[in-house]
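Trainee: predicted model, plus sequence, below.
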Amino acid sequence: MVPSADSSGLVTTAVAVAKRRLRIIYADDLTELRDVARISFARDGHDIECYADGALALARLIADPAFDLLITDHHMPNMNGLELVTQLRTHVFLGKIMVFSSELSESIARQYRIQRVDRILYKPVFPSVLRQSLSELFPVPSLMA
C-alpha cells in the first residue's frame with residue numbers, strides 16, 4: 001500500500017478492507033474478547049456475530065454459510081477451534097478462516113495448516129495487526145488494470 005497525504009496533510013496508508021463490509025463469525029469462550037471483537041469490527045463497518053463455542057458457531061455456519069470470515073479461538077469448551085474447522089471443512093464454506101490463540105503447539109498449528117486455515121494470529125491480537133491481516137485476506141481490486 002502506498003502512503004498518501006489526506007486533506008489535513010497527515011500521511012495515511014489506504015486500508016482497502018475498510019471499503020468492503022465483511023460478514024464475520026467469531027467463536028471464543030471469553031465474553032470480554034467477544035465484546036471487544038463486536039465493538040472493534042462494528043466500528044470498522046463489519047457485521048459480526050459472536051458465539052461462545054465452536055459448536056454454536058458451526059451450527060450457524062451450516063445454517064448460513066455465506067459469511068466472509070470465521071475467526072476462532074483454539075481453546076473452547078464443547079468444540080475447540082480445530083474441531084470446528086475440521087467439521088466446517090465437511091460442509092460448503094467459501095469464506096476465509098482465521099485462528100486466534102494464546103498458544104498452539106507445533107503439532108496443533110500443523111493440523112490447522114492441513115485444514116487450510118488462512119491465518120493464525122497469536123493473542124493478544126492488536127487492532128493494527130488485525131486490520132492488516134484483513135486487508136491481505138480481502139484485497140480490494142485495483143482500479144488501475
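Mentor: That came in fine, so what should we check first? Every value quoted in this text rests on a predicted model; they were computed, and no experiment measured them. Residues are numbered from 1 along each chain as shown.
Trainee: name the next helix or strand downstream of the longest helix seen in the chain, please.
Mentor: Counting by DSSP state H, the longest helix found in the chain is helix 31-43. Scanning forward in sequence from helix 31-43 by DSSP states H and E, the next helix or strand is strand 47-51.
Trainee: distance from that next one to the middle of the chain?
Mentor: A distance of 11 Å separates the centroid of the chain from that of strand 47-51, by CA atoms, centre = their mean, to the nearest Å.
Trainee: I figured D53 hits A27, correct?
Mentor: Yes - using CB atoms under 8 Å, D53 is in contact with A27, at 6.6 Å. Heads up, the C-betas are built off the backbone N, CA and C, glycines and all.
Trainee: of those two, who's got more company?
Mentor: The residue with more neighbours, out of D53 and A27, is A27; 27 against 20, by other CB atoms under 10 Å.
Trainee: on the strand side of things, show who the nearest residue to H75 once chain neighbours are set aside bridges to.
Mentor: Of all residues not flanking H75 in the chain, S101 sits nearest, at 7.0 Å (CB to CB, 6 or more residues apart in numbering). When bridges are called by DSSP bridges, S101 pairs up with Y122.
Trainee: pretty sure S101 sits against H74.
Mentor: Yes - S101 is in contact with H74 according to CB under 8 Å; the separation is 4.1 Å.
Trainee: return every residue with contacts to both of these two.
Mentor: Both S101 and H74 are in contact with G81, where contact means CB atoms under 8 Å, 6 or more residues apart in numbering.
Trainee: so between these two, which is more surrounded?
Mentor: Comparing S101 with H74 by neighbour count (other CB under 10 Å), the higher total belongs to H74, at 24 against 20.
Trainee: just for the chain, where's the confidence low?
Mentor: For the chain, applying pLDDT under 70 flags the ranges 1-19, 142-145.
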